[in-house]
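Trainee: build me a model from this:
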Amino acid sequence: MKEKLDYKKELNPAQLEAVESIEGAYLVIAGAGSGKTRVLVHRVAYLVEKGVRPDEILLLTFTRRAAEEMLKRATLLLDERCAKVSGGTFHSFANATLRRYASVLGLANNFTILDSPDAQDTINLVRTQLGFNKGEKRFPRKKAILEVISKSINKSQKLDDVLYDEYPQFMEFSEDIKKIRDGYQKYKRAKSLLDYDDLLVYLKDLLTNHQDVRLVLAKKYKYIMVDEYQDTNNLQAYVACLLASENKNIMVVGDDAQSIYSFRGANFKNIMGFPRIFKGAKIITLEENYRSTQPILDLTNKVIGRAKESFKKNLYTRKKGDKQPIFIDATDENAQSKYIADKILQLREEGLELNDMAILFRSGWHSNDLEVELASRNIPFVKYGGQKFVEAAHIKDIISYLRIAYNWSDQVSWLRALLLIPGIGPKGAEKIINLIGDKENLTKELSLRKNEEVAKLFKLLGEVNVLCCEPAKIIEAFLEYYQPLLKNKYDDFHKRFNDLDSLLRIAGRYKSLEEFLTDIALEPPERGIIEAGLRDKDDAPLTLSTIHSAKGLEWHTVFMIYVAEGHLPSYLSFEDEDAIEEERRLFYVASTRAKENLFLLKPHIDRSPRGFMDGGGSVFTQVSRFLDEGNILNNLVKVELEAPAEDDFEHDQLDEPVKDRKRDQEFLEMMKDYFRGQEDYFP
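Mentor: Model (predicted):
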């Protein structure tokens with residue numbers, strides 16, 4: 001028999017208060033790195049040690065792994081009784097409950113749960129049955145339709161609102177998508193099928209409309225704990241509150257400052273409104289940080305302290321360390337990448353492992369240039385959130401055109417390029433490819449097909465001079481041809497424009513197509529990982545990650561890139577105060593991942609801020625408002641890299657032979673670009 005646990009010795013005063021507070025409703029605001037998991041683990045042990053039956057305790061988490069890990073740690077802390085606590089995700093709890101009470105809802109208890117691919121196939125079946133696969137206009141694909149329906153449920157929004165906010169290109173199909181949604185629900189019901197969203201929808205229905213069942217469950221679970229409460233959607237929060245409706249012994253743990261998943265349906269208002277639902281709920285704040293040094297915490301406290309709505313907290317630490325966060329104003333995107341690569345190699349030489357460092361960014365495309373730079377230095381990395389640049393399908397599409405232009409015998413690239421064209425299938429593509437070397441018969445074949453897009457492709461390939469044109473110019477020519485194909489192939493085409501901009505900028509550093517294609521083929525990021533791994537198997541890779549994917553993780557050294565207006569915060573948030581506040585929380589989450597070193601980088605010049613669809617250009621960037629507010633930036637260590645050379649400001653349209661005239665025109669163009677880039681920021 002183990003001795004009684006000494007909780008006072010194991011926990012700090014705020015953690016101890018949370019663990020020993022068991023009767024009533026509690027909101028634990030757990031600041032970043034303050035040990036919230038430790039609190040939940042010890043509270044499970046404390047309840048069991050106090051004589052509470054394990055099956056009367058319900059621990060709800062967002063991943064099965066999190067629940068299993070907590071209960072395992074509680075078991076090691078106390079004894080095997082903790083392993084019998086009811087713990088799991090909202091969805092697993094819903095599944096178990098619905099199996100037990102399926103008949104109450106008119107469901108068969110042997111219902112089948114559809115995973116995402118199965119749900120997409122079911123959507124496609126209904127879509128075909130309703131005849132929406134034969135329209136003259138390209139109808140949204142099954143994946144996009146399921147995403148729209150799912151977001152409508154998880155965000156508790158009307159389908160029209162989801163379309164307007166996130167899928168404006170499909171607004172014209174609004175009524176048809178609603179018919180598919182309704183048909184999808186009827187089909188699932190008739191066949192005893194439930195998708196992931198249905199689990200929560202039916203559980204809410206069960207608890208709301210069947211009071212006898214709600215009372216049974218609410219009386220059974222006398223003590224309820226919910227982890228990461230700031231990430232709950234309306235359905236999950238509603239279910240948690242209904243389960244606690246009888247005993248009202250509920251503790252929710254989370255951090256309002258880390259609520260960053262609204263795009264998944266998480267509702268920031270759930271954690272803020274908890275004390276209003278449970279009158280008299282006590283708020284316990286965990287402020288002692290065990291991760292970061294005080295200078296890093298001082299920065300994050302100032303940034304989140306300016307939030308419009310929050311639970312006030314001031315993170316502090318006893319950890320030693322006085323390195324100030326460093327702000328780097330880099331010349332441009334590539335200078336930003338070079339600085340990071342240089343610094344990583346320097347820190348590596350000083351003994352810091354690569355896997356103790358991370359580069360964080362707001363959007364997946366922000367790392368495109370950096371990925372190429374790291375690959376050229378043979379620095380191995382893994383990327384989380386967003387696809388690796390050279391693996392993206394739309395990048396492969398453009399590269400296929402370039403490879404054909406360089407080598408007409410490249411059959412693999414021909415196949416990819418031809419299959420992009422509507423009306424060309426595998427057999428038709430193979431027939432055309434087999435005639436590539438036979439000009440006379442190829443001409444006959446193309447004239448018989450009367451496919452305008454095929455004709456345009458051959459015409460464009462015939463016009464491209466790979467010996468005289470720089471790679472960026474060649475890409476520009478193909479992008480104009482590719483745009484309608486991009487829109488036809490990908491439902492999320494508008495999200496892919498930034499990658500194509502990056503490809504243009506990277507190609508702009510090359511003078512020959514051969515050199516560009518060689519580097520892309522021989523030194524893509526993923527190959528660099530393999531080769532570096534062969535040289536040093538003990539050298540785990542560097543981490544590149546979106547901020548969303550980095551939540552819950554930590555590194556010795558963190559680089560945040562594109563800390564500029566329009567990037568962090570994203571320009572998409574400019575007209576929405578709630579969205580700006582979530583961007584602030586993203587900044588906070590990213591900054592609090594750092595233990596010792598925090599580098600904040602901003603390119604001084606943004607080469608193509610408006611995208612190739614709008615003609616591109618170059619503008620001066622503004623530092624992120626989160627650093628510009630309250631003199632925060634002035635308290636950071638600042639590094640200004642070498643100023644851009646005069647040639648960096650030249651634009652392709654300036655071809656004036658007279659030097660002074662060129663400078664005059666250059667100034668006017670730069671001024672226009674500057675103010676055009678600022679229009680989005682004017683009130």
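
Trainee: residues near residue 231, how many?
Mentor: As a burial measure, residue 231 scores 24 neighbours (other Cβ atoms under 10 Å). Placement of C-beta: from N, CA and C, glycine included.

Trainee: that one and residue 124: what is the separation?
Mentor: Counting by Cβ to Cβ, to the nearest Å, the gap from residue 231 to residue 124 is 30 Å.

Trainee: could you pull up the residues touching the closest residue to residue 56 other than its chain neighbours?
Mentor: Counting by Cβ to Cβ, 6 or more residues apart in numbering, residue 56 lies nearest to residue 222, which is 4.5 Å off, once chain neighbours are set aside. Shown in contact with residue 222 (Cβ atoms under 8 Å, 6 or more residues apart in numbering): 52, 56-57, 247, 249.

Trainee: of all these, which comes closest to residue 561?
Mentor: Ranked by distance to residue 561 (Cβ to Cβ), the contacts of residue 222 are led by residue 57 at 43.5 Å.

Trainee: so, low pLDDT: which residues of the stretch 401-550 of the chain?
Mentor: For the stretch 401-550 of the chain, the stretches with pLDDT under 70 are 467-468, 518-539.

Trainee: which parts of the stretch 351-500 of the chain are helices?
Mentor: 368-376, 393-406, 411-419, 426-434, 439-449, 452-463, 471-489, 497-507 (DSSP state H, counting those that start in this stretch).

Trainee: what's the closest of these to residue 199?
Mentor: Closest among these, using Cβ to Cβ: helix 393-406, at 31.7 Å.

Trainee: just how off-centre is the closest one within its chain?
Mentor: Counting by Cα atoms, centre = their mean, to the nearest Å, helix 393-406 is centred 26 Å from the centre of its parent chain.

Trainee: same question for it: list its buried residues.
Mentor: Buried residues in helix 393-406, counting neighbours by 16 or more other Cβ atoms under 10 Å, are found at 394-395, 397-406.

Trainee: now stretch 22-31
Mentor: 22, 25-31.

Trainee: circling back: from the buried residues of helix 393-406, which single one is nearest residue 343?
Mentor: Among those, and counting by Cβ to Cβ, the member closest to residue 343 is residue 395, at 27.1 Å.

Trainee: for stretch 173-183, buried residues please.
Mentor: Neighbour count says stretch 173-183 has 173-174, 176-178, 180-181, 183 buried, by 16+ other Cβ under 10 Å.

Trainee: okay, strands next: where are they in the stretch 151-300 of the chain?
Mentor: Applying DSSP state E, counting those that start in this stretch to the stretch 151-300 of the chain gives strands spanning 193-195, 223-226, 250-254, 282-286.

Trainee: quick one: contacts of the first one?
Mentor: Which is strand 193-195. Here strand 193-195 has contacts from 98, 107, 111-114, 119, 122, 150, 187-188, 202, using Cβ under 8 Å, 6+ apart.

Trainee: buried ones among those?
Mentor: Using 16+ other Cβ under 10 Å, the buried ones in those are 98, 107, 111, 114, 119, 122, 150, 188, 202.

Trainee: filter the residues you listed down to just the ones in strands.
Mentor: Those of those mapping onto strands are residue 114, per DSSP state E.

Trainee: could you pull out the strands for the stretch 451-600 of the chain?
Mentor: 542-546, 555-560, 594-603.

Trainee: nearest to residue 364 among the contacts of strand 193-195?
Mentor: Residue 364 has its nearest neighbour among the contacts of strand 193-195 in residue 150, at 20.8 Å by Cβ to Cβ.

Trainee: and residue 278, how many neighbours?
Mentor: Residue 278 has 18 nearby residues by other Cβ under 10 Å.

Trainee: tell me the bridge partners for the closest residue to it other than its chain neighbours.
Mentor: Among residues not flanking residue 278 along the chain, residue 25 sits closest, at 3.6 Å (Cβ to Cβ, 6+ apart). Counting by DSSP bridges, residue 25 forms beta bridges with residue 250.

Trainee: for residue 25, give me its contacts.
Mentor: 244, 248-251, 274, 278, 280-282.

Trainee: report the buried members of these.
Mentor: So, by 16+ other Cβ under 10 Å, the buried ones in the contacts of residue 25 are 244, 248-251, 274, 278, 281.

Trainee: which two of the residues you listed have the greatest separation?
Mentor: Pairwise over those, using Cβ to Cβ, the maximum falls at 249 and 274, 14.1 Å.

Trainee: for the closest residue to residue 354 other than its chain neighbours, grab the count of nearby residues.
Mentor: Excluding the flanking residues, the one nearest residue 354 by Cβ to Cβ, 6+ apart is residue 542, at 4.5 Å. Residue 542 has 26 neighbours, counted by other Cβ under 10 Å.

Trainee: doesn't residue 383 make contact with residue 542?
Mentor: No. Counting by Cβ atoms under 8 Å, residue 542 sits too far from residue 383 to count as a contact (9.6 Å).

Trainee: residue most distant from the centroid, the protein?
Mentor: Distance to the chain centre peaks in the chain at residue 440, reaching 50.5 Å (criterion: Cα atoms, centre = their mean).

Trainee: which among the buried residues of stretch 22-31 gets closest to residue 368?
Mentor: Using Cβ to Cβ, the buried residues of stretch 22-31 come closest to residue 368 at residue 31, 33.3 Å.

Trainee: contacts only, for that closest one.
Mentor: 255, 257, 285-287, 289, 313, 315.

Trainee: re earlier: would you convert the strands of the stretch 451-600 of the chain into JSON lines that also reports distance to residue 572?
Mentor: Formatted as JSON lines, those follow (distance: least, Cβ to Cβ, whole Å):
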{"stretch": "strand 542-546", "distance to residue 572": "15"}
{"stretch": "strand 555-560", "distance to residue 572": "19"}
{"stretch": "strand 594-603", "distance to residue 572": "19"}
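
Trainee: between these, which gets nearest to residue 419?
Mentor: Per Cβ to Cβ, nearest to residue 419 of those: strand 542-546, 30.4 Å.

Trainee: mind giving me the packing neighbours of that closest one?
Mentor: strand 357-361, helix 368-376, strand 381-384 (3 or more Cβ pairs under 8 Å, 6 or more residues apart in numbering; DSSP states H and E).

Trainee: thinking residue 597 is in contact with residue 558, fair?
Mentor: Yes. With contact defined as Cβ under 8 Å, residue 597 reaches residue 558; the gap is 7.0 Å.

Trainee: comparing these two, which residue is more hemmed in?
Mentor: Set side by side, residue 597 and residue 558 show more neighbours around residue 558, with 28 against 22, by other Cβ under 10 Å.

Trainee: so the more buried one makes contact with residue 360?
Mentor: Yes. Using Cβ under 8 Å, residue 558 is in contact with residue 360, at 6.1 Å.
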